[in-house]
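this one's structure only:
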Ligand SMILES: *Cc1c(COP(=O)(O)O)cnc(C)c1O
């Protein structure tokens with residue numbers, strides 16, 4: 001477990017003491033110079049809009065003074081902003097952002113493109129397509145413009161997936177229902193809902209479908225209550241609607257999505273987790289069979305790469321194997337979305353497997369590689385892509401699944417997808433800054449490069465090193481296992497403590513660390529409803545009774561690139577341990 005000194009990443013970050021300040025000043029100045037020059041070089045014949053006498057007037061001066069003062073006020077306020085650039089910040093999924101990202105973001109910002117349409121973003125939309133290609137390549141999808149777009153974050157990217165998976169199923173189901181009601185064809189609810197595009201297209205051409213006539217059979221484009229009743233009639237059962245299969249380690253955007261798309265929370269079927277807090281494949285298989293038995297079509301199956309609470313990676317490849325098998329055996333085509341908002345950038349390890357020996361398990365690499373076989377992916381460049389907010393991304397490998405957000409056009413042609421994005425994005429106006437930041441970072445630091453893989457690997461190592469030392473020096477600290485990536489969760493307990501007592505201790509420790517100026521950590525609460533196996537196994541470490549409904553944990557996210565500096569790592573680890581000991585002496589809970 002040593003870092004690779006041959007690969008330097010330091011030129012890509014400002015540094016906690018602004019070590020790269022002079023170079024950055026020069027680059028920011030060059031962006032400004034370019035901006036000024038751009039204006040001066042176009043429409044040279046036009047008269048100046050602001051005259052010299054105005055520039056020198058008293059009114060001008062007083063208004064500028066107001067702006068200057070208010071700007072100072074803002075800067076003064078920002079002094080109290082959470083310092084997320086320092087390696088002492090191990091709180092949430094945010095840290096130092098990369099220099100190419102800041103420069104790209106800033107350059108695009110000054111030109112103010114709106115990527116909703118090429119008319120207002122001639123260059124912005126081009127950069128978006130190229131930026132998306134860099135991300136498609138990262139996760140192992142074929143690079144092809146228009147098979148994804150940037151969003152304001154992972155939440156909206158997850159909604160993009162639900163929107164499309166819902167509409168895709170609706171195309172298939174409404175066609176089958178139309179054929180049953182008007183052409184007296186056989187109707188099998190579950191089978192029709194997962195018929196696949198090939199079958200769909202062959203039925204459309206075989207029966208010469210008029211979309212205006214079939215619209216009334218659509219749950220999305222018609223009246224969903226009337227269509228539901230019709231399905232109940234045709235199947236002689238009570239149609240209870242479709243479901244989504246989502247693991248218990250999910251981000252809360254999935255509940256929001258379920259609500260927004262009108263499914264009701266009952267439709268969110270939770271896939272149980274194993275002892276490591278990962279999606280349990282056997283349980284998934286059972287739930288798919290149950291959905292079939294109960295005639296509940298499956299909108300999508302979700303797996304998570306890098307869970308928000310603990311950073312673990314679900315067995316994505318095995319989930320896809322299960323779905324491939326259902327396709328082979330039963331001809332059910334089921335949408336698999338990977339929520340890789342946090343862990344998607346860990347795919348850089350798959351491009352540099354030689355670096356991962358002894359640090360990353362083969363199984364984890366296989367899971368990350370499995371993303372390339374899925375139906376759609378959420379990525380958050382504003383997390384492990386080191387891009388400023390707000391920048392998420394939604395990707396699909398198959399264009400039929402991309403532009404499926406309209407009833408009439410089951411899919412647009414490539415040219416249409418490639419043109420204006422507004423018709424197939426949930427958001428309307430969209431910034432190009434995130435795209436430009438991703439583009440510049442991807443083309444310099446690279447997302448599949450040795451440098452980027454090193455950055456990710458170093459974050460794993462920083463986490464592990466911290467965990468080992470903390471565990472060794474503080475016998476009352478119990479890390480949550482397995483801690484396979486760069487998030488460490490731990491609780492505080494005395495031997496024999498019950499879970500509820502340990503929860504109280506951990507919460508008291510969190511309050512104390514948070515009040516102090518030295519480190520920023522976060523907390524998380526895992527509930528037995530989802531994490532029962534993981535919690536029970538955690539409690540056996542201090543052999544107490546598992547008498548609470550939840551496990552309270554302190555959570556540390558090791559994203560900051562400068563933990564790789566041995567001097568910084570050593571100093572901060574020992575300071576943290578000292579601080580934990582000092583707090584422990586003041587926490588009296590029995
Ligand atoms: C952060 C996160 C999200 C939500 O992303 P936002 O960018 O905060 O909207 C979704 N899923 C997972 C797994 C995440 O970690």
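Yes, it's here. In this text, all values refer to a predicted model and were calculated from it rather than measured experimentally.

residue numbers of this structure in contact with the ligand?
Listed as neighbours of the ligand in the chain under the rule Cβ under 6 Å from any ligand atom: 153-155, 158, 251, 253, 304, 308, 339, 341-342, 380, 392. (C-beta placed from N, C-alpha, C; glycine too.)

what residues sit buried inside stretch 437-445?
Using 16 or more other Cβ atoms under 10 Å as the test for burial, stretch 437-445 gives 437-442, 444-445.

can you list those in JSON lines and add pLDDT and secondary structure?
Formatted as JSON lines, these follow (pLDDT from 0 to 100; DSSP: H, G, I helix; E, B strand; the rest coil):
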{"residue": "437", "pLDDT": "98", "secondary structure": "helix"}
{"residue": "438", "pLDDT": "98", "secondary structure": "helix"}
{"residue": "439", "pLDDT": "98", "secondary structure": "helix"}
{"residue": "440", "pLDDT": "98", "secondary structure": "helix"}
{"residue": "441", "pLDDT": "98", "secondary structure": "helix"}
{"residue": "442", "pLDDT": "98", "secondary structure": "helix"}
{"residue": "444", "pLDDT": "98", "secondary structure": "helix"}
{"residue": "445", "pLDDT": "98", "secondary structure": "coil"}
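
make CSV out of the residues you listed and add distance to residue 574.
Below are the buried residues of stretch 437-445 laid out as CSV (distance: Cβ to Cβ, whole Å):
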residue, distance to residue 574
437, 35
438, 37
439, 40
440, 37
441, 33
442, 37
444, 35
445, 31
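
where in the protein is pLDDT low?
Across the chain, the ranges flagged by pLDDT under 70 are 1-5, 146, 404-420.

ok, which stretches of the stretch 251-400 of the chain are helices?
Secondary structure of the stretch 251-400 of the chain, counting by DSSP state H, counting those that start in this stretch: helices at 253-260, 281-293, 316-330, 348-351, 362-370, 399-402.

run through who's touching stretch 27-34.
For stretch 27-34, the surrounding residues in contact (Cβ atoms under 8 Å, 6 or more residues apart in numbering) are 99, 103, 106-107, 110.

what does stretch 190-203 give?
So stretch 190-203 is contacted by 169, 171-173, 175-177, 179, 209, 242, 291-292, 295, 297-298, 327, 330-334, 400, 410 (Cβ under 8 Å, 6+ apart).

repeat that for 6 Å
Contacting residues not belonging to stretch 190-203 are listed as 169, 172-173, 176, 292, 295, 297, 332-334, 400 [Cβ atoms under 6 Å, 6 or more residues apart in numbering].

quick one: it to chain centroid distance?
Mean-position distance between stretch 190-203 and its chain equals 30 Å (Cα atoms, centre = their mean, to the nearest Å).

now it: buried residues?
190-195, 197, 199-200, 203.

same deal with stretch 534-553?
534-535, 537-539, 542, 544, 546, 548, 550-553.

swap in stretch 450-460?
Counting neighbours by 16+ other Cβ under 10 Å, stretch 450-460 gives 450-460 as buried.

re earlier: would you turn the buried residues of stretch 190-203 into TSV with secondary structure?
Putting the buried residues of stretch 190-203 into TSV (DSSP: H, G, I helix; E, B strand; the rest coil) gives the following:
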residue	secondary structure
190	helix
191	helix
192	helix
193	helix
194	coil
195	coil
197	helix
199	helix
200	helix
203	helix
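
those residues: which two are farthest apart?
By the measure Cβ to Cβ, 190 and 197 form the most distant pair in the buried residues of stretch 190-203, at 17.4 Å.

which ones are touching the residue nearest the centre of the chain?
Nearest to the geometric centre of the chain sits residue 341, at 1.4 Å (Cα atoms, centre = their mean). Contact partners of residue 341, counting by Cβ under 6 Å, 6+ apart, are 154, 378, 380.

and which of those is nearest to the ligand?
residue 154 (2.5 Å; Cβ to the nearest ligand atom).

was I right about the closest one contacting residue 378?
Yes. Counting by Cβ atoms under 6 Å, residue 378 is a contact partner of residue 154 at 5.2 Å.

what's the helix or strand for residue 526?
Using DSSP states H and E, residue 526 sits within strand 522-527.

in that strand, what's buried?
Residues of strand 522-527 classed as buried by neighbour count (16+ other Cβ under 10 Å): 522-524, 526.

over to stretch 487-497?
Per 16+ other Cβ under 10 Å, stretch 487-497 contains these buried residues: 487-493, 497.

can you tell me, leaving aside adjacent residues, what's nearest to residue 479?
Take residue 479 and drop its neighbours on the chain: the residue closest to it by Cβ to Cβ, 6 or more residues apart in numbering is residue 490, 4.6 Å away.

what values do phi and psi take at that neighbour?
Taking degrees, to the nearest 10, you get phi -150, psi 160 for the backbone angles of residue 490.

quick one: contacts for the residue lying closest to residue 327 once chain neighbours are set aside?
Nearest residue to residue 327, sequence neighbours excluded (Cβ to Cβ, 6+ apart): residue 333, at 5.9 Å. Residue 333 makes contact with 194, 196, 327, according to Cβ under 6 Å, 6+ apart.

just give the nearest non-adjacent residue to the first one, would you?
Nearest residue to residue 194 in three dimensions, chain neighbours excluded: residue 332, at 4.0 Å (Cβ to Cβ, 6+ apart).

number of nearby residues for that neighbour?
By other Cβ atoms under 10 Å, 20 other residues sit near residue 332.

with the one 10 residues further on instead?
Summarising burial for residue 342: neighbours were counted as other Cβ under 10 Å, giving 27.

this protein: strands as residue ranges?
Listed in chain order, the strands of the chain (DSSP state E) span 148-151, 243-247, 268-271, 298-304, 336-340, 376-379, 392-395, 477-479, 487-492, 522-527, 550-557.

most tightly surrounded among the ones you listed?
With neighbours taken as mean count of other Cβ atoms under 10 Å, the strands of the chain reach their highest mean count in strand 376-379, at a mean of 31.

how about residues contacting that one?
The set of residues external to strand 376-379 that reach it, using Cβ under 6 Å, 6+ apart, is 135, 139, 154, 157-158, 161, 337-341, 344, 371, 393, 395-396.

so which of those residues would you say is closest to the ligand?
Nearest member of these to the ligand, counting by Cβ to the nearest ligand atom, is residue 154, at 2.5 Å.

against residue 144, how distant is the closest residue to that closest one other than its chain neighbours?
Nearest in space to residue 154, with sequence neighbours left out and distances taken as Cβ to Cβ, 6+ apart, is residue 341 at 3.2 Å. Residue 341 is 22 Å from residue 144, where distance means Cβ to Cβ, to the nearest Å.

for residue 13, same thing?
For residue 13, the distance to residue 144 equals 32 Å [Cβ to Cβ].

what's the answer for residue 343, then?
Computed as Cβ to Cβ, the residue 343 to residue 144 distance reads 23 Å.

likewise residue 536?
Distance of residue 536 to residue 144, given as Cβ to Cβ: 46 Å.

one more: residue 280?
For residue 280, the distance to residue 144 equals 34 Å [Cβ to Cβ].

what does residue 538 give?
Applying Cβ to Cβ to residue 538 and residue 144 gives a distance of 44 Å.

over to residue 271?
Distance from residue 271 to residue 144, by Cβ to Cβ: 31 Å.

what's the closest non-adjacent residue to residue 465?
Leaving aside its chain neighbours, residue 465 sits nearest to residue 569 (6.5 Å; criterion: Cβ to Cβ, 6+ apart).

settle this for me: the one you found is touching residue 561, isn't it.
No. Counting by Cβ under 6 Å, residue 569 stays clear of residue 561, with 11.7 Å between them.

higher neighbour count, those two?
Per other Cβ under 10 Å, whichever of residue 569 and residue 561 has more neighbours is residue 561, with 23 against 20.

mind listing what the more buried one touches?
By Cβ under 6 Å, 6+ apart, residue 561 lies in contact with 9, 13, 455.

need the residues you listed in TSV with distance to residue 58, can you?
Output for these, formatted as TSV (distance: Cβ to Cβ, whole Å):
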residue	distance to residue 58
9	51
13	45
455	53
